[in-house]
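> A structural model of the following input is requested.
(chains A and B)
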Amino acid sequence: MKKFSIFAYAVLLLLLLAVPFIGLYPIFVMKVLCFALFACAFNLLLGYTGLLSFGHAAFLGGAAYVTGHVIKVWQFTPEVGLLAGTVTGALLGLVFGWLAIRRQGIYFSMITLALAQMMYFVALQAPFTYGEDGLQGVPRGHLFGIISLRDDLTMYYVTLAIVVAAFLLIARTVHSPFGQVLKGIKENEPRAISLGYDVNRYKLLAFVISAALSGLAGSLKTVVLGFATLTDMHWTSSGHVILMTLVGGLGTLSGPLVGSAVVVALENKVGDLGRLLAELSGVDWFNTLAESVTMVTGLIFVICVLLFRRGVMGEVLAFFDRRRNRPH
Amino acid sequence: MTLSIPALLSQLLLGLVNGAFYAILSLGLAVIFGLLNVINFAHGALFMMGAILTWIAMDKFGISYWVMLIVAPLIVGLFGIVIERLLLRWIYKLDHLYGLLLTLGLTLLIEGAFRSVYGVSGLIYNVPQALSGGTNLGFMFMPNYRAWVVVASLVVCFATWYAIERTRLGAYLRAGTENPRLVEAFGINVPLMVTLTYGFGVALAAFAGVLAAPIIQVTPLMGQNLIIIVFAVVVIGGMGSIMGSILTGLGLGVIEGLTKVFYPEASSTVVFIIMVVVLLTRPAGLFGSEK
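Coordinates of the predicted model:
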């Protein structure tokens, strides 16, 4: 099993390295990579610590604005921008986490949602975010002042390198003693407390790591696409990352990668899918499917929660488990 | 800053109106959470459904506002019963978070469906004739419709409070919240009670939607921002007490109204700021005893 998963990751990495040469649109793949990082960071909290944050939009969007401002207005190089965004994510995470872990379960989710909504209103009114228009025209600049990122190919490999490094960091965290304590808290919090762990500190640290990496995802997205908008701050963006993690498989390392690819691809292709369905079935309504992405998203949520709680990778892993345990 | 008393009073009244909606919605959330252990994210969408159904009935079929004030909550309540029977009952035994996610999915479905038909622009919706105009109270001009909203909401809130805290049926409900298996052992049909509770909770949301429609713009997205504020209200008040929900909702509405007068920039965030302060000083909420 272990051999197999190393093999699978190697194939995935080779595929990703080959992306610019096999005719996939690099900007699209970079967008998927940013969301994959976002979903992996989110999964560290929901899948491995059992905390459902509904406020991750604030980390993604907040970091995106800060990065854009640092690069465009203060004219720093992209790596400074990325660093500033990551720090923003971490600081926001520290404040959100510090407030929200005072309450348990469902209240935790509601508090993070409310705090993120507050940040949304702040971003709506603050002058440096340019309100509804968003922060436009952020130049990609030169990495370390030397490597020009204007070329999509260079940008792609830089993005890939950052996302792979962050993914390895998350994998390391999950498998470290710290990660094992997080899992213990998820499985049985009272027992973790009785064993003498300061549960709240562990939760807070996990929250900050998750928020910082979400911030990195948001910053990277700004550098790649050249803008930061209110959409990332909106609560639907938090819903989005929950959906990606859920579709891919909660608490599996590779799940969020799969989930983000599925969800982003679906949103981009839902119009084509609708036209195809309309042609096949002759029902005109399918042609409007592109405008009803929300409905499709909602439907996937309902189906996932009712029938498919393990997600794609959860099902795959369970399948291998069953095969291994089958009597020979 | 010059401050006129009538302007202050009219913002106060507007705050009271919003507070009344917060109260009805958080009341419904609390009742549903008590028995179902589900935080109903779809509450905002069902509030919107009440408003849009009324708009459709008035605009397309010429049915009067007064009829819809009863019929819209009934339709939405039935819709809620169908949701509960078909979808929600499969997840009661799971972690809380799945309830939130399922109702989030429902919200997106409902809002998406209405959006694909009505777009996102506001639908025009008139105040019923009997309540148009206003009354001059001498110290301020009071639009009749706003007064009606406050009175109607308060009546509904206190009727609900009375039904839950002072009647036999309410006693079953409270017992079911405490220990459903024991209540079932006494021969009470708990699953039916759960279904009806959900239907009643969402009917309340639809009632608020009908009341709200002539004052705030009717759009398929009108429930979105509201539900998040109501979540903050629920965090501040705690879901343990019915009267607590009502008072917290009204109080926050008034504070929000006053903020609009004194510091308008903060009017959209003041409820969240209060939530932070409450979390720092009384983590369990004002009326809360956390389970």
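> For whichever helix in chain B runs longest, buried residues please.
Criterion DSSP state H: the longest helix present in chain B is helix B:5-36. In terms of neighbour count (16 or more other CB atoms under 10 Å in any protein chain shown), helix B:5-36 has its buried residues at B:9-36. No exception for glycine: its C-beta is placed from N, CA and C like everyone else's.
> Tell me which other helices or strands that helix touches.
With contacts taken as 3 or more CB pairs under 8 Å, 6 or more residues apart in numbering or on different chains; DSSP states H and E, helix B:5-36 sits against helix B:43-61, strand B:141-143, helix B:144-166, helix B:168-178, helix B:190-212, helix B:222-237, helix B:242-262.
> and A:Ala10, how many neighbours does it have?
Residues lying near A:Ala10 (other CB atoms under 10 Å in any protein chain shown) number 10.
> Next SSE downstream of whichever strand or helix holds A:Val32?
Using DSSP states H and E, A:Val32 falls within helix A:26-49. Proceeding N to C from helix A:26-49, the next assigned helix or strand is helix A:56-72, under DSSP H and E.
> Extract the C-alpha trace of that following helix and format it as CSV.
Taking C-alpha atoms only, helix A:56-72 is exported to CSV below (Å, rounded to 0.1, in the frame of the first residue of the first chain):
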residue,chain,number,x,y,z
HIS,A,56,-11.1,30.5,5.9
ALA,A,57,-12.3,32.9,3.2
ALA,A,58,-10.9,35.7,5.4
PHE,A,59,-7.4,34.2,5.3
LEU,A,60,-7.5,33.5,1.6
GLY,A,61,-8.9,36.9,0.7
GLY,A,62,-7.1,39.0,3.4
ALA,A,63,-3.7,37.6,2.3
ALA,A,64,-4.6,38.2,-1.3
TYR,A,65,-5.2,41.9,-0.7
VAL,A,66,-2.1,42.3,1.4
THR,A,67,0.1,40.6,-1.2
GLY,A,68,-1.4,42.7,-4.0
HIS,A,69,-0.8,45.9,-2.0
VAL,A,70,2.7,45.0,-1.0
ILE,A,71,3.7,44.2,-4.6
LYS,A,72,1.7,46.9,-6.5
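> Toward the C-terminus, what is the element adjacent to it?
helix A:78-100.
> In that next one, which of the residues would be classed as buried?
Buried, per 16+ other CB under 10 Å, within helix A:78-100: A:78-94, A:96-97, A:99-100.
> Helix or strand next in line after that helix, which one?
Following helix A:78-100 in sequence, per DSSP H and E, is helix A:105-125.
> Alpha carbons of that next one, as CSV, please.
The C-alpha coordinates for helix A:105-125 follow below in CSV (Å, rounded to 0.1, in the frame of the first residue of the first chain):
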residue,chain,number,x,y,z
GLY,A,105,-18.6,22.2,18.0
ILE,A,106,-21.2,24.1,16.1
TYR,A,107,-20.6,27.4,17.9
PHE,A,108,-17.0,27.3,16.7
SER,A,109,-18.2,27.2,13.1
MET,A,110,-20.7,30.0,13.6
ILE,A,111,-18.0,32.2,15.3
THR,A,112,-15.5,31.8,12.6
LEU,A,113,-18.2,32.5,10.0
ALA,A,114,-19.3,35.7,11.8
LEU,A,115,-15.7,36.9,12.1
ALA,A,116,-15.0,36.2,8.4
GLN,A,117,-18.2,38.1,7.5
MET,A,118,-16.9,41.0,9.6
MET,A,119,-13.6,41.0,7.7
TYR,A,120,-15.7,41.0,4.5
PHE,A,121,-17.5,44.2,5.5
VAL,A,122,-14.1,45.7,6.5
ALA,A,123,-12.7,44.9,3.1
LEU,A,124,-15.8,46.3,1.4
GLN,A,125,-15.2,49.7,3.1
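> Neighbouring strands - and their directions - for the helix or strand just after it?
Scanning forward in sequence from helix A:105-125 by DSSP H and E, the next helix or strand is strand A:142-143. Using DSSP bridges, the strands paired with strand A:142-143 are strand A:147-148 (antiparallel).
> Show me the contact partners of the partner strand.
When contacts are defined by CB atoms under 8 Å, 6 or more residues apart in numbering or on different chains, strand A:147-148 is touched by residues A:Arg140, A:Gly141, A:His142, A:Thr154, A:Val158.
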